[in-house]
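got a structure for you, letters missing:
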C-alpha cells in the first residue's frame, strides 16, 4: 500500500487548522483538521486511524481530498443526502395558504390550527399527499408560519354576547369612597 501524506502546508493553512482544532464547532471539520495536522507531522494513515479510531481508508480519503481542495474539503457535505422531499412546491404553497386562513372561515368548528388538525384537513381536502407531522412542521418553519395562538380568550357562541358584554348599567351600586380621602 502506498504511503499517503498531506501536501506541504502553507503557514496560513497551518494556523487555520490549529484554530479550527481548538475552537471549531463543527465536529466533522475538527476531526478532519486533526487528521491533516497529524499527517503533516509525519504520522502515517494507519497510525492516525489507530489513534483516532477511524478506518485507514477514511483517513486516506480525507488526506486526498485536502490535497485536492484545501481547507474547504474539511466541511461536511450534506447536499445530496437524505430522502427526497415529499412535498412539491405547489403542495407547500397550498399548505401554507391553508395554515394562514383561520379555520372558522373555512367552515370548521375551531378557532386556531394545531399541526394535527392542519395535516388532517389538508390531506382530507387533497391539498397534499400523506406526510408526517414533522414534514408539515418543517414546511411551516421554512415559510416562517407559526401556529401559536395570538389571543388567549375563547370566542363566545352566545348570540346575545355583544349586548351582554357592555358595561354595567346605572342601577349597579358604586363602591363607597373611604372616609378621609
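Cool, got the structure. Being a predicted model, the structure only gives us computed values, none of them experimental.

Tell me the helix or strand right after the helix or strand residue 63 falls within.
Assigned by DSSP states H and E, residue 63 belongs to helix 56-69. Following helix 56-69 in sequence order, the next helix or strand is helix 89-100 (DSSP H and E).

Give the buried residues for the helix holding residue 63.
Residues 56, 58-60, 62-63, 65-66 are the ones in helix 56-69 that count as buried (16 or more other Cβ atoms under 10 Å). All C-beta atoms are positioned from the backbone trio N, CA, C, and that covers glycine.

Same check on stretch 77-97?
87, 91-92, 94-96.

Also stretch 8-24?
In terms of neighbour count (16+ other Cβ under 10 Å), stretch 8-24 has its buried residues at 9, 13, 16-17, 20-21, 24.

and which of those residues is nearest residue 146?
Sorting those by distance to residue 146 puts residue 24 at the head of the list, at 32.8 Å, by Cβ to Cβ.

any idea how far that closest one lies from residue 18?
From residue 24 across to residue 18, the span is 10 Å (Cβ to Cβ, to the nearest Å).

How about residue 39?
Distance from residue 39 to residue 18, by Cβ to Cβ: 14 Å.

Now do the worst-scoring helix or strand of the chain on mean pLDDT: distance to the chain's middle.
Here the helix or strand of the chain ranked lowest by mean pLDDT, DSSP states H and E is helix 161-164, holding a mean of 77. Offset of helix 161-164 from its chain centre (Cα atoms, centre = their mean, to the nearest Å): 45 Å.

Many thanks, we can stop here.
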